[in-house]
Each structure stands twice: as structure tokens, then as C-alpha cells.
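1. Just to be clear, the model below is a prediction. Sequence and coordinates:
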Amino acid sequence: MGVVTSCCESCFRSRRSQAYEPLLLENEREAVAELLQYLENRTTTNFFSGSPLHALTVLSFSENVDLQRSAALAFAEITEKEVRPVGRDTLDPILYLLQSHDTEVQRAASAALGNLAVNTDNKLLIVKLGGIEPLIRQMLSPNVEVQCNAVGCVTNLATHDDNKTKIAKSGALVPLTRLARSKDMRVQRNATGALLNMTHSDENRQQLVNAGAIPVLVSLLNSPDTDVQYYCTTALSNIAVDANNRKKLAQSEPKLVQSLVQLMDSSSLKVQCQAALALRNLASDEKYQLEIVKADGLPALLRLLQSAYLPLILSSAACVRNVSIHPQNESPIIEAGFLDPLIHLLAFKDNEEVQCHAISTLRNLAASSEKNKGQIVKAGAVQSIQELVLEAPLNVQSEMTACVAVLALSDELKSQLLDMGICKVLIPLTKSASIEVQGNSAAALGNLSSKDGRSASDDYSAFNEVWDRPDEGMHGYLYRFLTSPDATFQHIAVWTIVQLLESGDPQLISNIRNSEKLRPHIQELSQSRSATPTSSVGGTPRSHRSQTQSYQETDTADGAGEIQILARKILETFENEPPSMPALPHTPSSHSVARGDGETTDEQLRRSVRAAFNQHDGR
């Protein structure tokens with residue numbers, strides 16, 4: 001504004017030299033003289049109160065357009081150099097000038113108002129005093145300078161939450177959307193910036209969609225201006241938070257994903273970042289999860305994931321996590337080379353959210369394929385988890401233990417995981433302050449104890465090595481879960497004990513059989529169905545496959561019944577088998593009762609509990 005507004009003092013002088021003064025009212029001549037004096041000492045003059053403000057007010061409300069121009073120019077120059085909270089006595093003359101039919105007055109007055117709108121208090125007062133309506137009229141002006149200043153002012157006003165809804169309901173969104181297509185880049189920037197500021201609430205986003213903003217924002221993703229790209233990408237990212245809006249985008253904008261993928265290679269870091277975040281929000285839906293891979297988005301995401309810039313790492317990690325939700329994307333992500341970078345990010349202690357996204361992605365990648373599970377273990381994920389998990393934040397611990405529980409579902413990997421000593425970190429975590437961490441760790445131990453198609457070569461010595469240590473070992477963990485008021489934890493404990501008894505390992509069977517701590521509580525559970533199920537496992541979602549741990553609670557009366565049946569099964573094993581008993585057969589025992597469909601109660605129980613442990617996919 002400096003070039004335009006610095007002429008305000010010369011305007012006054014030139015008019016005085018042209019014998020202009022006799023045409024002025026007496027108070028106007030006095031105001032001109034006073035203002036010229038104040039402008040001579042502008043560095044020490046407060047124009048927002050007292051005589052200087054009075055002089056500007058007189059000129060603003062004059063019927064003489066030239067005086068209005070001078071007042072508007074003075075306000076613009078003064079506010080460009082100094083912004084402070086002002087009162088109605090300052091804003092009223094500026095708002096009056098906004099209503100002028102003179103282009104120069106409009107341009108300068110809107111510039112002054114936009115400058116003052118940088119201040120939080122002023123934002124609220126401008127809207128309260130009715131500033132939006134004249135700004136809308138100026139946005140409809142054919143003059144580009146007037147458009148630019150008016151839109152810039154609305155952009156500033158829209159940064160305050162209390163103003164957003166008022167602006168959305170004022171009718172400003174349609175002209176803003178139209179001006180976003182302006183051929184003038186300054187108008188485009190201001191208009192798209194204003195639209196962005198309106199995308200931070202559900203109601204306003206819907207108003208924007210209704211105003212036809214989506215196709216405009218998508219088309220401007222290809223703008224040569226990085227600021228416009230950034231505003232549009234961020235606005236679309238916010239719009240894509242809503243499921244209904246994602247559906248509209250999917251129906252009407254077939255080139256959206258490809259444009260965003262291309263923007264991940266932008267020369268601007270902030271554009272790259274917002275493009276990845278927009279894709280992350282879109283990837284909340286299955287269609288977009290597949291489309292991002294189809295559009296060759298994985299190489300760009302991998303590059304961002306390996307960046308040294310935290311916002312890029314975070315945005316790409318969040319996007320890859322959502323993309324990994326779809327089963328068809330698991331192998332392509334692994335084949336694209338994501339395993340090593342993801343495992344490297346497990347130790348990213350500068351940002352807990354990055355760690356959570358990385359481990360959650362690994363868990364998703366392991367969900368559906370034995371091959372993928374093997375590749376993840378081979379790449380060193382379990383070793384990293386072992387090194388980090390005990391000192392990691394609780395949210396990271398929860399994700400890590402859930403990932404181990406999923407990996408432990410693989411019969412081919414159980415022995416390998418046990419040989420790595422994974423139990424030594426899982427057992428202490430069953431005493432975690434987080435119920436989720438406790439449940440996930442116990443579920444992982446339970447999965448490691450279970451194996452379909454056991455053979456004589458199966459080695460369960462790893463459980464003997466941790467029977468009493470660390471942290472009271474398996475023995476202490478089973479005791480704590482048996483005595484827990486949480487039916488889920490009781491269920492995990494008795495099921496795990498059954499699996500350990502079926503192992504056929506004489507030492508392990510003897511440890512369980514001879515435990516004075518475990519037996520009385522097993523007996524109690526065999527007789528009681530009063531346990532209260534609670535939500536100890538599978539709590540707050542962290543991704544769309546958030547409940548990928550292998551064991552989930554049974555929250556019905558049948559859950560308590562299964563606990564009772566499992567406890568009785570353990571007691572029968574104690575009574576009927578010697579300490580060195582062989583593994584229990586997987587065929588129905590003599591006490592099993594056949595159901596109408598030919599499946600015994602014992603088989604039904606095995607199927608039910610194994611299904612609970614194996615239900616790891618929240619798709």
C-alpha cells in the first residue's frame with residue numbers, strides 16, 4: 001500500500017494550492033489543516049484517538065469525494081504502518097467510506113480495514129458493526145484492486161472462528177468462489193486463502209460445497225502459483241474429512257488423486273506436505289486407498305517418508321498407514337520398499353505420532369498374508385520392537401504389542417519369535433499402566449502359546465525360561481489375569497493355560513499343575529459366572545484396522561460361560577493326567593457333548609476362542 005497511500009499528504013497540499021479551500025466547509029478546512037500538521041509529525045502522532053481521529057472522521061463523512069479519498073488514503077497508510085485494537089469511533093468512518101461509489105475510496109478503505117483485521121479484537125468488532133456486507137459489494141466490483149483488497153480483508157476476518165459462520169451465512173462464499181478463478185493472481189491468492197479459512201468446521205465446509213467450491217479448488221491444484229496450490233490443497237484436505245464430501249469428490253473429480261500425487265513432487269515443501277495429508281484424508285475410504293496405489297502414489301510417499309523434514313515424514317506416514325488398510329495394498333507397499341523405512345521410524349523418538357503411524361502400518365501389512373508376516377520379521381521389525389518397546393510411550397507400546405500379537409498368529413513364526421526372546425519384553429508389559437498394552441501383550445503371549453497341528457518337535461522351553469522372571473514371569477502374569485475383575489483378562493488367562501497344557505512339555509505342565517497360586521483361582525472360575533466383562537482389549541481406534549490385535553473381548557454371558565468351561569477343562573487335566581502327560585488330542589474327549597450339527601461342545605469352544613484370538617482385522 002506504500003506507493004498508493006504515501007500520496008495522501010501531497011493530495012491535501014495540491015488541493016490547497018489550487019484555491020480549493022473556499023469550496024470547503026469551515027470544519028472541513030480545519031480538519032484538513034489539522035491533519036496536514038499531524039502528518040508532518042506522524043511518527044509521534046496517535047491517529048486512533050483524539051484530534052487526529054476527529055480530523056479523519058470529518059473528512060470521511062464529507063460529501064466531497066476528494067476529501068473522502070484523502071481520508072481513505074490516510075487511513076490506509078496509517079494502518080499499514082501501525083495496527084492496534086481500535087474502537088467503533090475508528091471503524092465507523094472507515095466502514096462509511098466502504099460504501100462510497102468512488103473506486104479510489106473503496107480501494108483505500110478496504111485496504112485500511114484489511115490491515116486492522118489482522119488484530120483479533122478488530123476482527124470481531126468489524127463483523128459486529130456490519131463490515132461483511134459492504135465488503136461483499138466490493139468483491140462484486142469490476143475493479144481488480146478493489147476486489148483484491150476486499151477479498152484480502154474477508155480472508156483476515158475469516159481466521160477467527162466466531163466470524164466463520166457469519167461469513168458463510170452472509171452470501172460471501174459465492175463471490176469468493178467466483179473470484180478464486182480471477183485472472184489476477186493476487187485476487188486468486190486472497191480468494192483461495194479465504195476459502196481455506198472457511199473449511200475448519202463441518203457446517204462451513206457444507207456451505208462451501210453448496211457454493212460450488214469443490215470443482216474450483218480442484219482445478220486450481222494445477223495453478224502455477226505455489227500459494228494457490230497450497231491453499232487449495234489444504235482446503236480440499238479439510239473438505240475430505242467428511243465422508244459425504246469424499247463421496248461427492250469421488251463422483252465428480254476423477255483427476256483429483258492424480259493431481260495430488262503430482263503435487264507431492266512440488267518444489268514447495270508445504271505443498272508436498274498438504275498433498276500427502278489430503279491423500280491421507282481421502283484414503284479413509286476404500287476407493288481412494290486403491291486409487292492412490294493405482295495412480296503411482298507409493299514412490300512419492302516413500303520419498304517423503306525418507307525426508308529429513310518432520311512435517312513431510314508425518315504426513316506421508318499418516319497417508320501410508322491409511323493406504324495400508326486395504327488388503328490388496330499390503331503386498332504392493334512391501335514390494336515398493338517401505339519395510340526398512342517404516343522399521344527405521346519405530347525409533348523416531350522426536351515424534352510419537354510418527355512412531356504410531358509406522359508401527360500401525362506394519363501391523364496392517366501383516367494382517368492378511370503369511371508371506372508378509374515373514375517379510376516383516378525378516379526385515380527386523382521384531383528386533384526393533386524388542387529394543388524400543390519397554391521405554392516407548394504408552395500409545396507406541398500399544399501399537400507395538402498389537403503388531404506382535406498379529407505376527408504371533410503365524411504358526412511358522414511362533415518358534416522364531418520365541419527364540420528371539422520376545423516373551424521377556426511382553427511379560428513386563430502385562431503390568432503396564434495401560435489396559436490396552438496389558439491386553440495386547442497378553443494376547444501376543446496367548447498367540448505364541450497356541451499352534452494348530454502341533455508336532456513332537458515343537459519347542460515350548462521358551463515359556464519355561466520365563467516362568468518366574470522377568471517381573472514374576474508367565475506365572476505372575478497368569479495369576480494377575482486370573483484374579484482380574486475383567487472377564488476379558490480371565491478369558492485370555494484360562495485359554496492360554498489350556499494351550500500351554502496342550503503343548504506336551506513336561507516341565508511346563510508340571511509348573512502349571514504344581515502352582516499353588518493358579519489352582520485356587522482356576523477352581524473359582526470353574527464354579528462362578530459372575531465376572532464382569534469390560535473393554536480391556538480393542539479400545540480407542542488408531543487406524544481403520546485399529547483392532548488388529550488377535551484377541552478381543554467377549555462381552556456377553558457366553559464369554560463368562562467359556563471361561564467356566566475352560567477352567568473346568570484345566571481342572572480335569574489336573575485330575576486325569578500325570579505330570580508328564582502327552583499333549584491333549586484335538587479330537588473330542590469323553591466328556592464332550594455333541595451339538596445338533598455334529599460339532600461337540602469342546603470343538604465349538606475351540607472354534608469360538610480361536611476365532612476371538614484370530615479376529616485381527618477391523619476392515
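-> Arrived safely, thanks for sending.
2. where along this protein do the strands fall?
-> With DSSP state E, there are no strands along the chain.
3. Could you list the low-pLDDT ranges of it?
-> Scanning the chain for pLDDT under 70 picks out 1-23, 453-457, 528-560, 577-619.
4. Tell me how far the most centrally placed residue in it lies from Leu518.
-> Taking Cα atoms, centre = their mean as the criterion, Ala318 is the residue nearest the geometric centre of the chain, at 7.5 Å. If you measure Ala318 against Leu518 using Cβ to Cβ, to the nearest Å, the figure is 44 Å. To be clear about C-beta, it is placed using only N, CA and C from the backbone, and glycine gets the same treatment.
5. Hmm, Ser70 and Glu104 touching each other?
-> No: look at Glu104 against Ser70 with Cβ atoms under 8 Å: they stay out of range, at 9.9 Å.
6. Can you show me the CA trace of the longest helix seen in the chain as CSV?
-> Using DSSP state H to define each element, the chain has its longest helix at helix 557-576. Provided in CSV are the C-alpha atoms of helix 557-576 (Å, rounded to 0.1, in the frame of the first residue of the first chain):
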residue,chain,number,x,y,z
ALA,A,557,-22.9,-64.1,29.1
ASP,A,558,-21.4,-66.7,26.7
GLY,A,559,-18.0,-65.2,27.5
ALA,A,560,-18.3,-66.0,31.1
GLY,A,561,-19.6,-69.5,30.2
GLU,A,562,-16.5,-70.1,28.1
ILE,A,563,-14.3,-69.0,31.0
GLN,A,564,-16.1,-71.5,33.2
ILE,A,565,-15.7,-74.3,30.6
LEU,A,566,-12.0,-73.6,30.0
ALA,A,567,-11.4,-73.5,33.8
ARG,A,568,-13.1,-76.9,34.2
LYS,A,569,-11.1,-78.3,31.3
ILE,A,570,-7.9,-77.3,33.1
LEU,A,571,-9.0,-78.9,36.4
GLU,A,572,-10.0,-82.1,34.5
THR,A,573,-6.5,-82.1,33.0
PHE,A,574,-5.0,-81.8,36.5
GLU,A,575,-7.1,-84.7,37.8
ASN,A,576,-6.9,-87.0,34.9
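7. quick one: it to chain centroid distance?
-> Distance of helix 557-576 from its chain centroid, counting by Cα atoms, centre = their mean, to the nearest Å, is 43 Å.
8. more neighbours, Glu104 and Ser70?
-> Taking other Cβ atoms under 10 Å, Glu104 and Ser70 do not tie; Ser70 has more neighbours (28 against 19).
9. In contact with Ile313, which residues?
-> For Ile313, the contacting residues are 304-305, 307, 345, 348, 351, 354, by Cβ atoms under 8 Å, 6 or more residues apart in numbering.
10. Which of those residues ranks first by neighbour count?
-> Leu305 (27 neighbours).
11. And for that residue, nearest residue in space, chain neighbours not counted?
-> Leaving aside its sequence neighbours, Leu305 sits nearest to Ser316 (Cβ to Cβ, 6 or more residues apart in numbering; 4.5 Å).
12. From Ala240, how far off is the one you found?
-> Ser316 sits 16 Å away from Ala240, going by Cβ to Cβ.
13. Show the residue spans covered by the helices in the stretch 451-600 of the chain.
-> In the stretch 451-600 of the chain, the helices defined using DSSP state H, counting those that start in this stretch lie at 461-465, 473-482, 487-501, 506-513, 519-527, 557-576.
14. same question, the stretch 1-150 of the chain
-> 2-5, 8-17, 26-40, 50-60, 65-81, 88-98, 103-116, 120-128, 132-139, 144-157.
15. contacting residues for the residue nearest to Leu482 when sequence neighbours are not counted?
-> Closest residue to Leu482 apart from its sequence neighbours, by Cβ to Cβ, 6+ apart: His521 at 4.2 Å. Contacts for His521 were tallied using Cβ under 8 Å, 6+ apart; they are 479, 482-483.
16. ditto for Leu98
-> Residues near Leu98 by Cβ under 8 Å, 6+ apart: 106, 109-110, 113, 131, 134-135, 138.
17. Now for those: which two are most distant?
-> Taking Cβ to Cβ as the measure, the contacts of Leu98 reach their widest spread between Gln106 and Gly131, a distance of 13.3 Å.
18. Tell me how many other residues surround the closest residue to Leu59 other than its chain neighbours.
-> Nearest non-adjacent residue to Leu59, counting by Cβ to Cβ, 6+ apart: Ala71, 3.8 Å away. As a burial measure, Ala71 scores 30 neighbours (other Cβ under 10 Å).
19. Equivalent analysis for the one 5 residues further on, please.
-> Summarising burial for Ala76: neighbours were counted as other Cβ under 10 Å, giving 27.
20. repeat for Gln328
-> For Gln328, the count of nearby residues is 11 (other Cβ under 10 Å).
21. picking up where we left off before, give the buried residues for the longest helix of the chain.
-> Residues of helix 557-576 classed as buried by neighbour count (16 or more other Cβ atoms under 10 Å): 559-560, 562-571, 573-574.
22. re the thing from before, let me know the closest of the contacts of Ile313 to Glu82.
-> Asn351 (39.5 Å).
23. sorry, back to before: out of the helices of the stretch 1-150 of the chain, which is closest to Ile435?
-> Closest approach to Ile435 among these (Cβ to Cβ): helix 120-128, 42.0 Å.
24. circling back: now the contacts of His521 in a markdown table, with distance to Ala180 and neighbour count?
-> As requested, the contacts of His521 are arranged in a markdown table below (distance: Cβ to Cβ, whole Å; neighbours: other Cβ atoms under 10 Å):
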| residue | distance to Ala180 | neighbour count |
| --- | --- | --- |
| Tyr479 | 66 | 16 |
| Leu482 | 64 | 23 |
| Thr483 | 64 | 16 |
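25. sorry, back to before: now intersect the contacts of Ile313 with the helices, please.
-> The helices, defined by DSSP H, take in 304-305, 345, 354 from those.
26. Nearest to Glu330 among the residues you listed?
-> Nearest to Glu330 among the ones in helices among the contacts of Ile313 is Leu305, at 16.6 Å by Cβ to Cβ.
27. so Ala275 makes contact with Leu269?
-> No: using Cβ under 8 Å as the test, Ala275 is too far from Leu269 to be in contact (10.7 Å).
28. Those two: who's more crowded?
-> More neighbours surround Ala275 than the other of Ala275 and Leu269, with 32 against 14 (other Cβ under 10 Å).
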